[in-house]
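Student: Fold the stuff below for me.
(chains A and B)
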Amino acid sequence: MVLSQLHKGDTAEIVKLKADKILRDRFASFGILPGEQVVIHECSLAKQTIEVEVGRSTIALRKEEADKIEVEAT
Amino acid sequence: MKKIMIALAGQPNVGKSSLVNAISDAHLKVGNFSGVTVDKTEVEFVYHDPKRDADYEIHIIDLPGAYSLTDYTIEEKVTKQFLRNDDYDIIVNVVDATNLQRNLLLTTQLMETGRKMIVVLNMMDEAQKEGIEIDAEQLARILGVPVIKASAAQGEGIDALKSAMVEVYEKPQTTAKVIYSDVIEEEITRIVAFLEEKHYRSPIPYRQLAVRLLQEDTDWYKRMHDEPIWIEILPILREGLQHIYLHSETKDLDAIFADEHFAFAKGAKMEVMALHSMRAQNPTQKIDKLLINKFLGIPLFLFFMWALFQLTFTIGAVPMDWIDAGFGWLGEQAHAVLGDGILGQVVADGIIAGVGAVVMFLPNILILFLGIALLETTGYMARVAFLLDGFFHKFGLHGKSFIPLVTGFGCTVPAYMAARTLKNERERLITLFILGFMSCGARLPIYVLFAGAFFGQDQAGNILFLIYISGALLGLVMAKMLKTFVFKGEEEPFVMEMPKYRWPSWRLIWHTVYGQALSYLKKAGTFILAASILVWFASNYPKSDTIASTYAAKIEHASTPEQKQRLQNERTSAQLEQSYLGRIGKATEPFFAPLGFDWRMSVALEAGLTAKEVVVSTLGVLYAQGDSADEQNGGLIAALRSNISLPAAIAFIVFVMIYLPCFAASAVFTREAGGWKYLVYLFFFTTGTAWVMALLAYHITRVIVGG
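Tutor: Modelled structure (predicted):
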């Protein structure tokens, strides 16, 4: 399951990142790393952008990027 | 006096700029969106250390906000390069106490530079409100560097920070220590032991050097490559790396160390931070429930924008009248003092009228800049990027393109610079190319004038809104075309922090708006003043004696005052037509003729290439001249209404909306886009589009109104 499949209010744990180095560095600098909990705050219309809470940060992602984050619902 | 160089580093939105402000009262801009301080900002002051009874000259360089020391954004690149290569004594790492773990990620990377360091736990007051307690002493022990609790907003911890700067400066070496997993620690110990045995002369502590080597740091490999020790250290390194690979899933050292940093940051946080109250929802989340709501978010945003433009127009109209009256009076006084000769004409009709037309729009520009500054500092900008990315993405732009685009409504110059936040070259170029379609504040006077003249004051606000929106829409369509035909290729990933909502600091907003107003007035005082004198001269010379004498005779024989007046006006316009300005206008008239523009409008547009404000002052000189004494008020508006047809007026607005921005903006564009050839492209792109769109507008309006 990937992050983009989750819905508003869902909580999940990050399992794996399927991103290239640049994007993975970016994820890491925001604390998006395996083992972390994510909460979906809001999705824009048609789910083009997703707002998630990781750690204590609120991060906005596009669907393409959310597709690359494998999660396990908790 | 000893000089201490401080590099101020931290993630975006941690209050670095307000910390600098609190330390030395410097006037810096604080924004909530990533990378407002793109440029390097410096501050200098003298600090008297009571303990040593000595003065220190402290020099602080505020580095751009960086989430990590990578090359992802230009800000991060700048920060990384500076920390690596420049000369400084201490890194002061500003950390957001309410978001410790993520901030400590950067801290670990900074600690690895091997420089002396101080950590500032900023926003302690906010953290307390959120029920977060941090054991600063424990954190200092873990990191091996001094940790200062502070609140830049409340001015707390500033003195402690200053004295810590001196303390750390007087220490011989950094005591920072990132603790890694056992495997890596083992290898570090091995390398350090070897370096000690060889008495290797290293500019940074052995431990830091060992870490650099294990990270396969290119710079250090290059530096050590030519030294004899290299042959001996190589096998140790090779073996060490093999050992590390054995214990991890990947051979990617970046990934391995990213995990290490994360584990260290998380571990440190767990040990020093306690969360007391289980906050249900912080205010930011409550506000976000509404503002980024799937259905309400965009309508609310559009409402804010509409309100901003309405405010700009209605509130701005009041002081505008005063300024207009003030300059009118000043012109009369100039005529009275200097007479009606050449000098009087230059001062009253050239200088005062030209500058007056520009200063008149200061209130509108102030309100617009205030609105944009508010959007930026409250943190709403990032929400807008979130809301609009889905939309912008379709046009080949990025949600972040929104920030330069909105800034473009204020002034195109900072907007071009704001486009630096876009990492992807193509997305940045597309954004740069269409930025001119976002009508800048300097075009506002033209719109206000034409909207007021042709649609009446009560409709002007709506027309203004329509102009701005259609300019923006055209920009999007062009962006899509550029994306499809010119700049093809991959897109920038969209991963962005949503900063907490913050009350704007009125002092900082004041400085922003004041700075903008000042630069606008400076432009009015110098560039536009020179341009208006030039335009005045070109429109008055060469004087034709034949015209003067023919009309003098005719006017003398005129029977009624009306006839006299008509003849006087005819004389003025005949004079104008054969002036230098008239000749330029005439020469280019064929180009503008299909759009319904007369030579005066052509001249105004050409003069507008220097600065958009000049369009209005040129029109003022060209149309109001000669009748200014007879018209009680609204001279220019009346003159425009009687000289220009509605279709031509609309075509004119459209042309102004699209064509090349001012000199200053063009120069910045050239720098940001990366070459003169781009300016040439931009010139043909905008002029071509402007001409075609104005032609369409002209003919469509003619069909509708039946002109």
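Student: From here on, just use CA atoms for contacts and neighbour counts.
Tutor: Noted.
Student: Contacts for the least confident helix or strand in chain A by mean pLDDT next, please.
Tutor: None of the helices or strands of chain A scores lower by mean pLDDT, DSSP states H and E than helix A:21-29, at a mean of 84. If you take Cα atoms under 8 Å, 6 or more residues apart in numbering or on different chains as the criterion, helix A:21-29 is touched by A:17, A:33, B:67-68, B:70, B:72, B:102, B:105-106, B:258, B:262, B:493, B:495.
Student: Figure out how far that helix is from the centre of its chain.
Tutor: With Cα atoms, centre = their mean, to the nearest Å as the basis, helix A:21-29 stands 12 Å off its chain's centre.
Student: tell me which residues in that helix are buried?
Tutor: A:23-29 (16 or more other Cα atoms under 10 Å in any protein chain shown).
Student: and if you look at stretch B:592-609?
Tutor: Those would be B:592, B:595-609, for stretch B:592-609 by 16+ other Cα under 10 Å.
Student: For the residues you listed, which two are the farthest from each other?
Tutor: B:Gly596 and B:Leu609 (19.8 Å; Cα to Cα).
Student: Quick check: the residue of the stretch 501-650 of chain B nearest chain A.
Tutor: Relative to chain A, the nearest point of the stretch 501-650 of chain B is B:Tyr501 (11.5 Å; Cα to the nearest Cα).
Student: That residue: what's it in contact with?
Tutor: Remark: with contacts taken as Cα under 8 Å, 6+ apart, B:Tyr501 is in contact with B:283-284, B:378-380.
Student: Up against chain A, what does chain B have?
Tutor: B:67-68, B:70, B:72, B:98-99, B:101-102, B:105-106, B:258, B:262, B:292-295, B:386-387, B:389-390, B:493-499 (Cα under 8 Å from any Cα of the partner chain).
Student: Type out the ChimeraX command that picks the buried ones from those.
Tutor: One line in ChimeraX is enough to select the buried members of the residues of chain B next to chain A, burial here meaning 16+ other Cα under 10 Å:
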select /B:67,68,70,72,98,99,101,102,105,106,258,262,292,293,294,386,387,389,390,493,494,495,496,497,498,499
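Student: could you point out which element follows the stretch of helix or strand B:Val318 belongs to?
Tutor: In the assignment (DSSP states H and E), B:Val318 maps to helix B:297-338. Past helix B:297-338, further along toward the C-terminus, the next helix or strand under DSSP H and E is helix B:342-345.
Student: what does that next one rub up against?
Tutor: Looking at what lies outside helix B:342-345 - Cα under 8 Å, 6+ apart - the contacts are B:334-335, B:337-338.
Student: Heading C-terminal from it, find the next helix or strand.
Tutor: Next along the chain after helix B:342-345, taking DSSP H and E as the criterion, comes helix B:353-359.
Student: Packing partners of that following helix?
Tutor: With contacts taken as 3 or more Cα pairs under 8 Å, 6 or more residues apart in numbering or on different chains; DSSP states H and E, helix B:353-359 sits against helix B:297-338, helix B:506-525, helix B:527-540, helix B:613-624.
Student: I'd like the contacts of helix A:21-29 as CSV, with pLDDT appended.
Tutor: Putting the contacts of helix A:21-29 into CSV (pLDDT from 0 to 100) gives the following:
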residue, pLDDT
A:Leu17, 88
A:Leu33, 86
B:Tyr67, 89
B:Ser68, 88
B:Thr70, 82
B:Tyr72, 74
B:Arg102, 89
B:Leu105, 90
B:Leu106, 93
B:Ala258, 85
B:Phe262, 88
B:Pro493, 76
B:Val495, 85
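Student: from those residues, which ones fall inside strands?
Tutor: With strands defined by DSSP state E, the entries of those inside them are A:17, B:495.
Student: Show me the two of the contacts of helix A:21-29 that sit farthest apart.
Tutor: In the contacts of helix A:21-29, two members sit farther apart than any others by Cα to Cα. They are B:Phe262 and B:Pro493, at 21.7 Å.
Student: follow-up on the earlier one: can you classify the residue of the stretch 501-650 of chain B closest to chain A by secondary structure?
Tutor: Under the three-state scheme (DSSP: H, G, I helix; E, B strand; the rest coil), B:Tyr501 adopts coil.
Student: Quick one: distance of stretch B:350-358 to the chain centre.
Tutor: Computed by Cα atoms, centre = their mean, the chain-centroid distance of stretch B:350-358 equals 28 Å.
Student: who are the neighbours in contact with B:Leu241?
Tutor: Contacts of B:Leu241 were listed using Cα under 8 Å, 6+ apart, and they are B:Leu214.
Student: Which helix or strand contains it?
Tutor: Secondary-structure element containing B:Leu241, defined by DSSP H and E: helix B:229-246.
Student: All set, thanks.
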